[in-house]
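**Student:** What shape does this take:
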Amino acid sequence: MLRKIIFLVTTFFLIIGLKLKDPISIDLNIAIPFLFTITYGLIYVVNNRFSISKILLILISFSIPIIISFCISLTLNSSDSVDIINFAIKLILFSIFAFFISKLYLKYYSSEILLLHINYSIVLHAIIIIVFFLSPDLRNLFYEFSDVNDLMLTQIGEFRIAGFSGGGGALLSVLQSSGIILSGYLLVKKQISFAYFLISNILLIVSILLTGRTGIYVLVIFFPILYIVLHKFRFKINGAILKRVFAFIIILFFVGILSLFLIPAEYYDFFMETSITRFLNTFQSKRNTFHIIFEMYFLPDLDRIQYLFGTSYFGRHPDHLLESDIGYIRVFYGAGIIGMLSIYLPYIYMLYLGFKYGFSKFNIPSYQLLFIFTSMILILELKESFIFARHLLPLNLLLLFICSHEKKVIN
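**Tutor:** Numbers count the residues shown, from 1 in each chain. Below is the predicted model of the structure:
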């Protein structure tokens with residue numbers, strides 16, 4: 001039991017993470033998986049026949065062109081930026097962590113338990129987000145020792161709860177929506193009960209509304225795609241499915257009614273105003289979110305060398321501000337065409353594997369899930385930068401190594 005708790009805690013901090021402020025200044029997103037890897041990982045290497053995964057070597061090799069491109073960009077621009085090198089280092093570390101964590105889960109438990117623990121981690125974070133919303137004093141106390149985004153200390157932080165992540169908004173809401181998509185996969189594979197599916201998803205939906213609107217769009221688009229894919233593109237609706245959908249709607253309705261009596265009026269009114277109203281205004285206002293996004297599409301003003309290797313800044317430095325949140329534009333501005341290809345290569349690789357083994361003669365469901373998650377990230381880059389998010393990269397890497405194991409079992 002203790003070992004399973006240690007495994008769950010490690011998975012939680014690898015995906016959710018928590019960065020402590022100075023003078024401690026420790027990123028638990030890295031520290032706890034590192035301690036887990038050098039203890040359980042070394043024990044595993046000593047006591048078992050060990051071989052390094054081909055996929056792990058490929059992922060680590062992807063960091064080489066990123067680092068080379070970064071060094072060229074630094075030299076040409078006389079820059080002191082470390083954004084690109086941070087991504088390369090995290091790619092290496094998260095790949096190693098995900099490899100050993102998945103390997104150890106397969107030794108002591110199973111890939112299904114790892115997927116369950118990923119889902120448990122996101123649901124637990126949903127509970128933390130809700131508690132922080134209902135208790136501003138507790139939230140502010142937590143923010144005092146965590147490295148939270150400065151925006152969370154302003155009025156924005158009142159309706160975009162950061163949880164353990166350090167910054168609320170689109171990135172966090174997408175992580176929370178990933179928990180719902182994963183629960184749908186686990187339900188189809190009969191790894192969770194329908195009761196757990198209902199309760200956990202209600203918590204996750206509330207957490208999405210408390211963090212950002214993007215997670216709602218992700219659910220509307222990708223949850224139906226997951227259902228269709230797992231049913232081999234046969235869109236069938238039977239009586240059992242209709243009963244479950246109806247039950248979910250009824251329970252969600254009664255939870256909303258119950259919340260009117262349990263949640264203080266000022267919190268409920270604030271939630272309705274900041275979360276629901278803002279979401280509806282995305283479509284109704286004259287200058288809605290979609291208009292703002294379209295205005296962010298432009299070609300940055302760069303010279304010929306910078307078109308190849310970028311400026312080494314990703315549009316957030318005071319001297320290199322870029323009036324665009326679009327992920328592809330920011331990466332192009334910072335890394336140029338060559339660096340951009342290098343940075344997206346790991347995701348293209350995961351997308352390729354997901355398509356090859358998820359939609360060919362193999363038809364492996366876990367690869368289909370990997371394909372959906374990777375597609376989601378690459379599509380969301382059209383809105384803002386998601387590839388640098390510390391939540392989604394380790395989540396995708398864990399899925400990748402789970403897929404690798406299932407492929408070996410089938411072969």
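
**Student:** Going by C-alpha atoms from here, please, whenever you check contacts or count neighbours.
**Tutor:** Will do.

**Student:** Just list the residues touching D147, thanks.
**Tutor:** Contact partners of D147, counting by CA atoms under 8 Å, 6 or more residues apart in numbering, are 18-21, 166.

**Student:** Phi and psi next, for it.
**Tutor:** Per-residue torsions, D147: phi -80, psi 80 (degrees, to the nearest 10).

**Student:** Report the spatially nearest residue to it, omitting neighbours in sequence.
**Tutor:** K21 (4.8 Å; CA to CA, 6 or more residues apart in numbering).

**Student:** Would you check how far apart the one you found and Y143 are?
**Tutor:** Distance from K21 to Y143, counting by CA to CA, to the nearest Å: 9 Å.

**Student:** who has more neighbours, those two?
**Tutor:** A side-by-side neighbour count of K21 and Y143, using other CA atoms under 10 Å, places Y143 first with 21 against 15.

**Student:** Please save the CA atoms from stretch 359-372 in CSV.
**Tutor:** Presented in CSV, the C-alpha positions along stretch 359-372 are these (Å, rounded to 0.1, in the frame of the first residue of the first chain):
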residue,chain,number,x,y,z
PHE,A,359,-4.9,3.4,-37.1
SER,A,360,-3.2,0.6,-39.0
LYS,A,361,-3.4,-3.2,-38.8
PHE,A,362,-2.3,-3.0,-35.1
ASN,A,363,-5.2,-0.7,-34.1
ILE,A,364,-3.8,-0.4,-30.5
PRO,A,365,-6.2,1.7,-28.4
SER,A,366,-3.4,3.3,-26.3
TYR,A,367,-1.8,4.6,-29.4
GLN,A,368,-5.1,6.1,-30.5
LEU,A,369,-5.2,7.9,-27.2
LEU,A,370,-1.6,9.1,-27.7
PHE,A,371,-2.6,10.4,-31.2
ILE,A,372,-5.6,12.3,-29.8
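
**Student:** Correct me if wrong: I26 contacts L20.
**Tutor:** Yes. Between I26 and L20 there is a contact under CA atoms under 8 Å: 5.2 Å.

**Student:** Please look at Y105 and S111 and confirm they touch.
**Tutor:** Yes. Counting by CA under 8 Å, S111 is a contact partner of Y105 at 6.6 Å.

**Student:** between those two, which one's more packed in?
**Tutor:** Each of Y105 and S111 has its neighbours counted (other CA under 10 Å); S111 has more, 22 against 17.

**Student:** residues contacting the more buried one?
**Tutor:** With contact set as CA under 8 Å, 6+ apart, S111 has these partners: 102, 105, 402.

**Student:** helix or strand right after the longest helix belonging to the chain?
**Tutor:** Counting residues, the longest helix found in the chain (DSSP state H) is helix 327-358. Toward the C-terminus, helix 327-358 is succeeded by helix 365-380 as the next helix or strand (DSSP states H and E).

**Student:** For that following helix, which outside residues touch it?
**Tutor:** 178, 185, 218, 222, 226, 229-230, 347, 350-355, 357-359, 386-387, 396, 399-400, 402-403, 406.

**Student:** Distance-wise, check K21 relative to R330.
**Tutor:** The gap separating K21 from R330 is 27 Å, by CA to CA.

**Student:** what does F401 give?
**Tutor:** Counting by CA to CA, the gap from F401 to R330 is 29 Å.

**Student:** next one: L203
**Tutor:** Distance check for L203 against R330: by CA to CA, it reads 33 Å.

**Student:** For these two, work out which one has more neighbours and name it.
**Tutor:** Neighbour comparison, L203 and R330: the larger count goes to R330, with 24 against 19 (by other CA under 10 Å).

**Student:** The more buried one and S324 touch, don't they?
**Tutor:** Yes. R330 lies in contact with S324 (CA under 8 Å); the separation is 7.1 Å.

**Student:** And this protein, what are its domain boundaries?
**Tutor:** Taking automatic domain parsing as the criterion, the chain consists of the domains 1-109+296-411, 113-284.

**Student:** still on that earlier bit, turn the contacts of S111 into TSV, including secondary structure.
**Tutor:** As requested, the contacts of S111 are exported to TSV (DSSP: H, G, I helix; E, B strand; the rest coil):
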residue	secondary structure
S102	helix
Y105	helix
I402	helix
